[in-house]
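Participant: Could you work out the structure for the sequence below:
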Amino acid sequence: MTDAPSDPRIPVADRAAVQGWLQPPLLDQTVTETLARAANRWPDREFAVFPEAGRRWTYRAFAVAVDRLATGLLELGLNPGDRIGIWSPNHPEWLLVQFASARAGLILVTVNPAYQADELRHALNLVGMRALVLARQYRGTDFTGIVRSLVPGLGDPAGARSHPPALPDLEFVIHLGEQDEAGMLRFDDLAAAHADGAHLERLAAAQKPSDPINIQFTSGTTGRPKGATLSHHNIVNNARQTAAVLDLGPDDRICVPVPLYHCFGMVMGSLAAATAGSCLVFPGERFDADAVLDAVEGERCTALYGVPTMYVAMLEDPSRPGRNLDHLRTGIMAGAPCPAELMRRLLEELHMPEVTICFGMTETSPVTFQTARDDPPDRRVGTIGRVHPHVEAKVVDGEGRTVACGTVGEVLIRGYVVMKGYWDDPVATTAAIDAEGWMHTGDLGVVDRAGYGRIVGRASDMVIRGGENIYPREIEDFLHRHPGVRDVQVFGVPDPRYGEELCAWIIPHEGVALDEAQLRAFCDGAIARYKIPRIWRLVDSFPLTVTGKARKVAMRQMMERELARDVEATVVGFAAGD
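Facilitator: Model (predicted):
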């Protein structure tokens, strides 16, 4: 009788260093091969549903549409390795572009729909983008108008203008509208091309899993957005491993209200489904709680994705109590910590007993830690789970030494998940990935003796008040226990005496009357005095990113302006003798 293998996810000798299982094995295949195998194995099962747009595809029908669009893109003169961007919310065409660009050997560049002119110019020029697919508008932003402002003379007769200096590499602008646009191509015309199967197969045979396939923009910790470059091997395997933790299969239907431009949507969503034969349901082009609940109920979804603010909105939607959501069993919450009360409601009211928590970053494809479907609720609230298969993780101090279990340090990641690098930025790449292949995440965390990780904040978010290091997430987790607190964000603001002071923005539950005195009393005697915020604000909402994450930078800037006005008013009042 042989002993069972030891669990590599359990730290040894109290050192905060862990390694994932080596099962399931890594796949040696491209995005193109992933879709082809799914279409061969599950041809008549539904792959994608867009209720708002009235579009449905089986795996077979989607693969046919992908081949036609891929041929249309190649007929423009695009070549394997060229960069093609998609600037759009969650439209059916987004999904087609994702897989058609891979089929043609192009590198897909995902562009945040929130970008404005300067951000778009930076993104396109950084990667040398030859083609851009865009929606006509989104949330009041005129996408076609922005492009025209950057490309004066777009649509002028050939030879009438030289390459525009603002976007020197951009040759093809493809819009999703039905009407003609001067100087732009209609997406539907390209998607109607006659598929050149022989050519596509030759291109597929030349593709390698190690080839770059996707560039996603991330600001990292500082500076202008950088292009995290991911390979087929990165994202196909991360999708497969994430799907395995969720136990996704052909009978599962995944509701995906998160944006496709982010790894959450396009890797953990569309690619994960393709590795498992599952069906994707995209409720609409933007998050709307009622539309998501419609989709979950009407399409009998078994899995649901979202960030905490999305789940809170769904739970508090007036229509939710009367809906039949009994088909739900699992899903993913990511992007922010899950408060204990929210987890309880997910389990009891959204019928998601197997919901999991994911942690990662764009530069790691993205998922590196995930709770198991059968982890107890306290593990799904207080931790990010254990390290993913085929991934190594450790927590280090400022000197790069592995710390003891339970000690705070920077989380480092190594393995197949680590990006190829930042596009055309070797300096930033070298700063992020060290000589031994470890990705320095910039996240501060701990690993306990059972191998579960916990994130205490970003290194850049840490507040230093009078020499004390304070991690805002610890205080947020504590304040979430207050029965009247729906959501909370804690951050530092400048202070002339202590260097920084803590500020807390609180969103109360509907109908709850909260005030600063109640919140302070809740903290007194429960947490150290220096961790109690000095500044409190009760608000209706937080400024959010497109993915639903709270924008602490924006909150900090707003508070700095407010506090500066208060100081100015005090000085003026004193000078006037008030």
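
Participant: Now name the helix or strand holding Glu560.
Facilitator: helix 552-575 (DSSP states H and E).

Participant: Show the average pLDDT along that helix.
Facilitator: The average pLDDT within helix 552-575 is 74.

Participant: what does stretch 491-510 give?
Facilitator: pLDDT averaged over stretch 491-510 gives 92.

Participant: Same check on stretch 329-343?
Facilitator: So the average pLDDT for stretch 329-343 ends up being 89.

Participant: Give the buried residues for it.
Facilitator: 329-343 (16 or more other CB atoms under 10 Å). The C-beta positions use only the backbone N, C-alpha and C, and glycine is treated the same way.

Participant: ditto for stretch 207-226
Facilitator: 207, 209, 211-218, 220, 225-226.

Participant: Can you check the distance spanned by that stretch, start to finish?
Facilitator: Terminal residues of stretch 207-226 lie 25 Å apart, using CA to CA, to the nearest Å.

Participant: Off-centre distance for that stretch?
Facilitator: Centroid displacement of stretch 207-226 relative to its chain, using CA atoms, centre = their mean, to the nearest Å, is 13 Å.

Participant: Check stretch 35-46 too.
Facilitator: On CA atoms, centre = their mean, the centre of stretch 35-46 falls 26 Å from the chain's centre.

Participant: Span of that stretch from start to end?
Facilitator: 13 Å.

Participant: Tell me the buried residues in it?
Facilitator: Within stretch 35-46, the residues that count as buried by 16+ other CB under 10 Å are 35-39, 42, 45-46.

Participant: ditto for stretch 291-307
Facilitator: Counting neighbours by 16+ other CB under 10 Å, the buried set in stretch 291-307 is 291-297, 299, 301-307.

Participant: now stretch 415-426
Facilitator: By neighbour count on 16+ other CB under 10 Å, the buried set for stretch 415-426 is 415-423, 425.

Participant: same question, stretch 191-205
Facilitator: By neighbour count on 16+ other CB under 10 Å, the buried set for stretch 191-205 is 191, 193, 195-196, 200, 203-204.

Participant: Name the residues that touch that stretch?
Facilitator: With contact meaning CB atoms under 8 Å, 6 or more residues apart in numbering, stretch 191-205 is reached by 30, 32-33, 36, 64-65, 67-72, 74-75, 80, 93, 96, 103-105.

Participant: What remains of those if I keep only buried residues?
Facilitator: Listed as buried from the contacts of stretch 191-205 are 30, 32-33, 36, 65, 67-72, 74, 93, 96, 103-105; burial here means 16+ other CB under 10 Å.

Participant: care to break the chain down by domain?
Facilitator: Domain assignment for the chain by automatic domain parsing gives 31-444, 461-575.

Participant: Pretty sure Asp479 sits against Ala504.
Facilitator: If you look again at residue 479, you'll see it is Leu, not Asp. Yes. Between Leu479 and Ala504 there is a contact under CB atoms under 8 Å: 6.7 Å.

Participant: Give the intersection of the neighbour lists for the two.
Facilitator: Joint contacts of Leu479 and Ala504 (CB under 8 Å, 6+ apart) are 488, 490, 519.

Participant: quick check, nearest of those residues to Asp378?
Facilitator: Val488 (19.8 Å; CB to CB).

Participant: Confirm that Cys338 sits in a helix.
Facilitator: No. Read with DSSP: H, G, I helix; E, B strand; the rest coil, Cys338 is coil and lies in no helix.

Participant: if I pick it, what's in contact with it?
Facilitator: 308, 357, 380-381.

Participant: rerun that using 6 Å as the cut-off
Facilitator: 308, 357, 381 (CB atoms under 6 Å, 6 or more residues apart in numbering).

Participant: now swap in Arg534 and tell me
Facilitator: Glu501.

Participant: Let's see that with 10 Å instead.
Facilitator: 465, 493, 495, 498, 501-504, 520 (CB atoms under 10 Å, 6 or more residues apart in numbering).

Participant: which of the residues you listed are buried?
Facilitator: By neighbour count, with 16+ other CB under 10 Å, these hold 465, 493, 495, 498, 501-504 as buried.

Participant: Looking at those residues, which two lie furthest apart in space?
Facilitator: Tyr498 and Ala504 (15.9 Å).

Participant: which stretches of the stretch 151-300 of the chain form strands?
Facilitator: Counting by DSSP state E, counting those that start in this stretch, the stretch 151-300 of the chain has strands at residues 172-175, 185-186, 212-218, 226-231, 253-255, 279-281.

Participant: can you redo those strands as CSV with mean pLDDT and distance to Arg136?
Facilitator: Compiled in CSV, the strands of the stretch 151-300 of the chain are given as follows (pLDDT from 0 to 100; distance: least, CB to CB, whole Å):
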stretch, mean pLDDT, distance to Arg136
strand 172-175, 97, 6
strand 185-186, 98, 11
strand 212-218, 95, 22
strand 226-231, 97, 25
strand 253-255, 98, 26
strand 279-281, 98, 24
